[in-house]
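> Could you work out the structure for the sequence below:
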Amino acid sequence: MALVTDGPSSPEPLAPATRLVALGREPASPGAQVGAPLVLTSTYHADGAVSYGRGGNPTWSALEEALGSLEGGDALVLASGMAAVSAAFSLLPHGGTVVVPDAAYNGVMATVGDLEAEGAATVRRVDLTDTAAVVAALEGADLLWLESPTNPLLEVAEVATLAAAARERGVLTVVDNTFATPLLQRPLEDGADVVVHSVTKYLAGHSDVLLGAVVTAPTEAGRALHDRLHRYRRLRGAIAGPMESWLALRGMRTLHLRLERACASAVELARRLEGHPAVTRVRYPGFGAIVSIEVVGGADGAERVSAATRLWVHATSLGGVESLLERRKRQPDEPLKVPDELLRLSVGVEDVDDLWRDLAAALEHAAG
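Numbers count the residues shown, from 1 in each chain. As a prediction, the model looks like this:
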């Protein structure tokens, strides 16, 4: 399917906000639909580019075009964020060594724990804020897994420095860019080999799809990785549904607007939370729309806050239009480094003063 791109015919490169709206559409022609196509088929007529639904779908292609352009690479959409994680870990040779954060998304931590228990990998867990320690751990490794900011501690890694050190040592670098999105961070430009997304979160943005993606660099080495990941998707059946892909692309059309509003509110909420007597620590890296706080009263205090909100939704996940909060340690496989009393706040697009009043009242209730 031919898609609108910011190619040679464009007078100058399109801004990310414009690409979010313009890409992934069919070429304009009289009577054609304006939106991306939703193609619901498992089978295609013979002798075309795709013969069976596991091999490709025009709706996937539309989403991949838009996301790949935003990240500056070639995207592949998969069935979920964890499908994307699993695909990226398929690049680790059996028995290889992977360097990972000592606290990151619990699905990633559980995955590397299983690989370690099965004898399929050696795992080196490091503090990502200690750049020298991470570089030292890269010696003899095969894959470096980065989150920046990390989930849920919001620690920030020196991605460009670490990716350069990994490349010097022949180590692949994978960066989960779910929290930052390509509007705030473009890891491929910093030297990463693969970018991973839980499309479920900010990209789709409406808490109604499960979807993931991987993106590789537009280089010879990147295309080789892309081919391997494409084969993994096809043979493992980790394919996305066309409806989910269509919804995700529709959600991405407003990513810049949603993220701008959510980030502005997150900055303001982090500022106000710093002075609240029921909050013992505010974790905010200075960008993004996630704020993590530690509250008085330990795990029970955090649970009381979660139960007392009326506007903030007590639920897992993040990146939707609604604001969510959750005590992360209630989740299985959450890293030991995560405090029992930590609440992860996913700031949505509601009025910031309404969000503050609701959260402040819940904090006061829990403290009382």
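
> Tell me who's in contact with A361.
Counting by C-beta atoms under 8 Å, 6 or more residues apart in numbering, A361 touches A308. The way it works is simple: take the backbone N, C-alpha and C, and place the C-beta from them, glycine included.

> Model confidence for it, exactly?
Looking at A361, its pLDDT stands at 97.

> Next, count neighbours for D190.
Neighbourhood size, D190 [other C-beta atoms under 10 Å]: 18.

> Correct me if wrong: it contacts A166.
No - with contact defined as C-beta atoms under 8 Å, D190 and A166 do not form a contacting pair (11.1 Å).

> hang on, I293 in a strand?
Yes - looking at I293 with DSSP: H, G, I helix; E, B strand; the rest coil, it is inside a strand.

> Any idea how many residues pack against it?
When neighbours are counted by other C-beta under 10 Å, I293 registers 26.

> residues touching it, list them.
By C-beta under 8 Å, 6+ apart, I293 lies in contact with 273, 279, 281-283, 342-343, 345.

> Of these, which belong to strands?
279, 281-283, 342-343, 345 (DSSP state E).

> ok, the residues you listed vs E322, which is closest?
L345 (11.9 Å; C-beta to C-beta).

> show me what contacts the closest residue in space to the closest one that isn't next to it in sequence?
Once flanking residues are discounted, L345 sits nearest to V291: 4.5 Å by C-beta to C-beta, 6 or more residues apart in numbering. Neighbour list for V291: 154, 266, 269-270, 273, 282-284, 344-345, 347 [criterion: C-beta under 8 Å, 6+ apart].

> Next, work out how far apart V291 and L269 are.
6 Å (C-beta to C-beta, to the nearest Å).

> Spit out the residues that contact those two alike.
345, 347.

> Could you give the backbone dihedrals for the nearest residue to V34 once chain neighbours are set aside?
Spatial nearest neighbour of V34, chain neighbours left out: R25 (7.1 Å); criterion: C-beta to C-beta, 6+ apart. R25 has phi and psi values of phi -120, psi 150 when expressed as degrees, to the nearest 10.

> Looking at R25 now. What's its pLDDT?
Looking at R25, the pLDDT reads 93.

> what residues are up against L210?
79-81, 200, 244.

> Likewise for V21?
R253.

> any idea whether it is helix, strand or coil?
V21 ends up helix, using three-state DSSP.

> For E244, see how far away it is.
Counting by C-beta to C-beta, the gap from V21 to E244 is 20 Å.

> Could you do G205 as well?
13 Å.

> Between these two, which is the more surrounded one?
In terms of neighbours (other C-beta under 10 Å), G205 is the more surrounded of G205 and E244; the figures are 28 against 22.

> what's near enough to touch the residue nearest to that one when sequence neighbours are not counted?
Nearest non-adjacent residue to G205, counting by C-beta to C-beta, 6+ apart: G251, 4.2 Å away. By C-beta under 8 Å, 6+ apart, G251 lies in contact with 203-206, 209.

> so which strand or helix has G251?
helix 242-252 (DSSP states H and E).

> how about that helix: buried residues?
Across helix 242-252, burial judged by 16 or more other C-beta atoms under 10 Å covers 242, 244-252.

> and if you look at stretch 98-118?
98-113, 115.

> CA atoms only: put it into CSV for me.
Output in CSV follows, covering the C-alpha atoms of stretch 98-118 (Å, rounded to 0.1, in the frame of the first residue of the first chain):
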residue,chain,number,x,y,z
VAL,A,98,22.3,-9.5,29.0
VAL,A,99,22.8,-6.3,31.1
VAL,A,100,19.6,-5.0,32.6
PRO,A,101,18.5,-2.4,35.1
ASP,A,102,18.2,-3.6,38.7
ALA,A,103,14.7,-2.1,38.7
ALA,A,104,12.6,-1.9,35.5
TYR,A,105,9.2,-3.0,34.2
ASN,A,106,8.3,-6.1,36.0
GLY,A,107,7.5,-8.0,32.8
VAL,A,108,11.0,-7.5,31.7
MET,A,109,12.4,-8.5,35.0
ALA,A,110,10.3,-11.6,35.1
THR,A,111,11.5,-12.5,31.5
VAL,A,112,15.2,-12.2,32.3
GLY,A,113,14.6,-14.1,35.5
ASP,A,114,13.1,-17.0,33.6
LEU,A,115,15.9,-16.9,31.1
GLU,A,116,18.4,-17.1,33.9
ALA,A,117,16.6,-19.9,35.7
GLU,A,118,16.5,-21.9,32.5
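
> For it, give me every contacting residue.
Here stretch 98-118 has contacts from 81-82, 85-86, 89, 92, 121-128, 134, 137-138, 141-147, 150-151, 153, 155, 157, 171, 176, 331-335, 337-338, using C-beta under 8 Å, 6+ apart.

> among these, which are in strands?
121-126, 143-147, 176.

> elements contacting the lengthiest helix in the chain?
Identified as the longest helix of the chain according to DSSP state H is helix 255-273. Applying 3 or more C-beta pairs under 8 Å, 6 or more residues apart in numbering; DSSP states H and E, we find helix 255-273 packed against helix 16-22, helix 181-184, strand 279-283, strand 290-295, helix 352-367.
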